[in-house]
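Engineer: how would this look folded up:
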Amino acid sequence: MGRLINAKELIDKRYGKRGTESREKFREDAFSFYFGEIIKNRRKELKLSQNDLAELIGKKRPYISRIENGEDIRLSNFSLIANALNLSIQLTAI
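Structural biologist: Below is the predicted model of the structure:
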């Protein structure tokens, strides 16, 4: 029977140890994907099209598509989208 690998070991092996450039890139990409999924799911809950959301925040539909597909988002735009979707943003110290 094979040895069990926990998630931390798997991520370390695949993307490098914490603090390395490859690990930080993975972390940034993971957060962008996560935020995109939250935005897409909430938009669909509200029965809004990408175009509807884009109009609410003064952007174009392709911008919403890129964000939902994991493109990095500026904090100011994230705030606009969160407000349009009635989402709250909570920042905490870790």
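
Engineer: what strand or helix carries residue 63?
Structural biologist: helix 61-68 (DSSP states H and E).

Engineer: ok, residues contacting that helix?
Structural biologist: Here helix 61-68 makes contact (C-beta atoms under 8 Å, 6 or more residues apart in numbering) with 35-37, 39-40, 43, 50-51, 53-54, 73, 77, 81. C-beta: built from backbone N, CA, C; applies to glycine.

Engineer: list the buried residues of it.
Structural biologist: Buried residues in helix 61-68, counting neighbours by 16 or more other C-beta atoms under 10 Å, are found at 63-64, 67-68.

Engineer: take those residues and lay them out in JSON lines including pLDDT.
Structural biologist: Listed next are the buried residues of helix 61-68 as JSON lines, based on pLDDT from 0 to 100:
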{"residue": "63", "pLDDT": "96"}
{"residue": "64", "pLDDT": "97"}
{"residue": "67", "pLDDT": "96"}
{"residue": "68", "pLDDT": "96"}
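
Engineer: now do the strands in this protein.
Structural biologist: Shown for the chain, no strands are assigned by DSSP state E.
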